[in-house]
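> compute the structure for the input listed below.
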Amino acid sequence: MAQLIVTKNGPIGNILISNIEKMNAMTMDMWSGIPKALNDFDADPEVRVIVIRGDGEKAFISGADISQFEKLRSTADAQELYNNAVSLAYAAPGKCTKPVIASIRGYCFGGGLGFAAACDIRICSEDAQFRMPAARLGLGYAPDGINRFINLIGAANTADIFYSARRFDAADALHMGYVSQVHPVDKLAEATDAYLKILSENAPMTMAATKFAIKQCLAASHERDFVQATQMVKDCFASNDYIEGRKAFIEKRTPIFKGD
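Okay, here's the model as predicted:
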């Protein structure tokens, strides 16, 4: 059954992409469910960090479910509805104020590559395989999506993976900056969980301010809001978490942040 499996484990929000029979290809309903899942976690004060994984051992997301294209992308109106659902899913990690981590094992193709690029940080296994096959399918890619890749891996690497539609491996992904960490297959889950633990223990206001500032720096100059970014920094310095952080440092203990 194609579905998103959404669970919470204390401060960790989990979204599992599950469509194992089709290598976790994304259906229209799955694309549409991403924004709600992320919004719900963003509104939950207990959740500090969100992780997205693919179900099974073979894929993160192999792309969109092409079997739906004839019905859902065969006319201009249907294409617009489908593209809007995908665009909203791509935008959701950036709109979320909390860190969104993609933990990638196996295939990460097409829509999966684009969606993972929209997350804050990508961690992958050594067997991960990446591809943007749009040029082999005759599909166009929206400018905001292209810009997302340019901001992440640069214009030359973006041109390469889109023009060639070639597969590239974990070493290539690390070299071009698409992923931040590469781990042995049998260590990916452990390494991801360890990283999530680190983030979940850090000051949420600081992470939110950092995420917002990064977004402003990458935005077009007329869209930037450095006033709000600066205010969020001031709010950090005025917070109880800042007091707790200083006390914990002096007392040589792990701080307990509450997000206020």
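> so for stretch 7-19, mean pLDDT?
Stretch 7-19 shows a mean pLDDT of 97.
> which intervals of the stretch 1-150 of the chain have sub-threshold pLDDT?
67, 69-78 (pLDDT under 70).
> quick one: the helices in it?
For the stretch 1-150 of the chain, the helices defined by DSSP state H, counting those that start in this stretch occupy 28-43, 69-72, 76-95, 111-118, 134-137, 143-153.
> can you dump the C-alpha atoms of the third one in CSV for me?
In this case it means helix 76-95. Listed next in CSV are the C-alpha coordinates belonging to helix 76-95 (Å, rounded to 0.1, in the frame of the first residue of the first chain):
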residue,chain,number,x,y,z
ALA,A,76,-3.0,20.8,-19.0
ASP,A,77,-5.5,21.1,-16.1
ALA,A,78,-4.5,17.8,-14.6
GLN,A,79,-0.9,18.6,-15.1
GLU,A,80,-1.3,21.9,-13.2
LEU,A,81,-3.0,20.2,-10.3
TYR,A,82,-0.4,17.5,-10.1
ASN,A,83,2.5,20.0,-10.4
ASN,A,84,0.9,22.1,-7.6
ALA,A,85,0.8,19.2,-5.2
VAL,A,86,4.5,18.4,-5.9
SER,A,87,5.5,22.0,-5.6
LEU,A,88,3.7,22.3,-2.2
ALA,A,89,5.5,19.1,-1.0
TYR,A,90,8.9,20.6,-2.2
ALA,A,91,8.2,23.8,-0.4
ALA,A,92,7.1,22.2,2.9
PRO,A,93,10.5,21.4,4.3
GLY,A,94,11.6,25.0,3.8
LYS,A,95,8.4,26.4,5.4
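> who's in contact with stretch 176-188?
103-105, 117, 121-128, 130, 152-154, 157, 168, 170-171, 173-174, 191, 195 (CB atoms under 8 Å, 6 or more residues apart in numbering). C-betas here are computed from N, CA, C, even on glycine.
> rewinding a little: turn the helices of the stretch 1-150 of the chain into JSON lines, including distance to A209.
Converted to JSON lines, those look like this (distance: least, CB to CB, whole Å):
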{"stretch": "helix 28-43", "distance to A209": "15"}
{"stretch": "helix 69-72", "distance to A209": "39"}
{"stretch": "helix 76-95", "distance to A209": "15"}
{"stretch": "helix 111-118", "distance to A209": "20"}
{"stretch": "helix 134-137", "distance to A209": "35"}
{"stretch": "helix 143-153", "distance to A209": "19"}
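> those helices into TSV, with extra columns for mean neighbour count and distance to A229?
As requested, these are exported to TSV (neighbours: other CB atoms under 10 Å; distance: least, CB to CB, whole Å):
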stretch	mean neighbour count	distance to A229
helix 28-43	18	18
helix 69-72	13	39
helix 76-95	16	15
helix 111-118	24	20
helix 134-137	15	34
helix 143-153	16	17
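> share the number of residues neighbouring the nearest residue to M30 once chain neighbours are set aside, please.
Distances taken as CB to CB, 6 or more residues apart in numbering place L4 nearest to M30, at 5.7 Å, with adjacent residues excluded. Burial of L4, expressed as a neighbour count using other CB atoms under 10 Å, amounts to 21.
> what of N202?
So N202, with other CB under 10 Å, has 17 neighbours.
> and of the helices of the stretch 1-150 of the chain, who's closest to K258?
helix 28-43 (16.7 Å; CB to CB).
> give me the angle between the closest one and helix 76-95.
Counting by axes from the mean of the first three to the mean of the last three CA atoms, to 10 degrees, helix 28-43 points 30 degrees away from the direction of helix 76-95.
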